[in-house]
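Novice: how would this look folded up:
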Amino acid sequence: MADGFDGFPPEALRFLRQLKRNNNREWFLAHKDVYERRVKAPMTDLVLALGRALEPLAPELIVDPKRVLYRIYRDLRFSPDQRPYKTHVAAIFVPRGVPKKTGACLYFHLEPAEIVIAGGVYMPDAPTLRLLRRHIADHWEELEAITRRRNFKSLFGELQGESLIRPPAGYPADHPGVDLLRRKQWHVARTEPPALAEGPELLPRLLTLFTAILPLVRFLNQPLRTGPMTAVDRGCAQGPVG
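Specialist: Residues are numbered from 1 along each chain as shown. Below is the predicted model:
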């Protein structure tokens, strides 16, 4: 297999557009072969290519397609929306030893209207919030420096997500990093036109954006690791990429 990725075939976006209009089991089963060959297979190839490219930059990331690709099937158990299928394809890259649902990660998805590339912490639970704020209180200057880097600001601007109106309990209003502590989310996201997915420029664009986000992801994950750090993990945590 070539090291690069030539892009999704035109049938991929066409399938996702049609699925949005025909989100039912009968239509999907009639077109499942198109999904498998023209959507899922190239998405797997893209993840494999990303994995090869990310290995020397971020060896701590899990890049196995079986673990990073999201299923097309929606979880309907607690949703008022009973449409059975997602109308996008997505992948998430989480470092080893970090909780998948609450830790910081890299993420991208392709849908008919756009490509979304994102990273950071999006929905931390209460214990994760406490750990993150404690870490930020002691190292706020490091986080501020990451968000002020030229490539970070030019690609993403500011940190995104919700914030409290007042400082969280236990932190004074005059803490020098209070604006970072008031946050409930620490993430960034950028959209790209869907046409980018159909050419060889997608892979290098993803790498450029992921490389800019990696220092943020590593900073946020430092207090969240569930096991002892390996030599590779220690090296990754100490230095930024690029």
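Novice: what sits against L13?
Specialist: Contacts for L13 (C-beta atoms under 8 Å, 6 or more residues apart in numbering) come out as L110, P112, P194, A197, E198. For glycine as for every other residue, the C-beta is placed from the backbone atoms N, C-alpha and C.
Novice: ah, wrong one, I meant L61
Specialist: When contacts are counted by C-beta under 8 Å, 6+ apart, L61 touches G51, L54, F93, V94, P95, R96, L106.
Novice: Can you name every helix or strand that the longest helix along the chain contacts?
Specialist: Under DSSP state H, the helix in the chain containing the largest number of residues is helix 126-147. Applying 3 or more C-beta pairs under 8 Å, 6 or more residues apart in numbering; DSSP states H and E, we find helix 126-147 packed against helix 178-181, helix 202-221.
Novice: if we can go back for a sec, among the contacts of L61, which are located in helices?
Specialist: Using DSSP H, the subset of those located in helices is G51, L54.
Novice: So which of the contacts of L61 is the closest to F219?
Specialist: Of all the contacts of L61, F219 sits closest to P95, with 11.9 Å by C-beta to C-beta.
Novice: As a check, name the ranges of all strands in the chain.
Specialist: Taking DSSP state E as the test, the strands found in the chain are 89-93, 105-110, 115-121, 186-192.
Novice: neighbouring strands for the third one, and are they parallel or not?
Specialist: Strands that pair with strand 115-121, judged by DSSP bridges, come out as strand 105-110 (antiparallel), strand 186-192 (antiparallel).
Novice: which one of those strands is the most hemmed in?
Specialist: Highest mean neighbour count among the strands paired with strand 115-121 (mean count of other C-beta atoms under 10 Å): strand 105-110, with a mean of 24.
Novice: Perfect, I'm done here.
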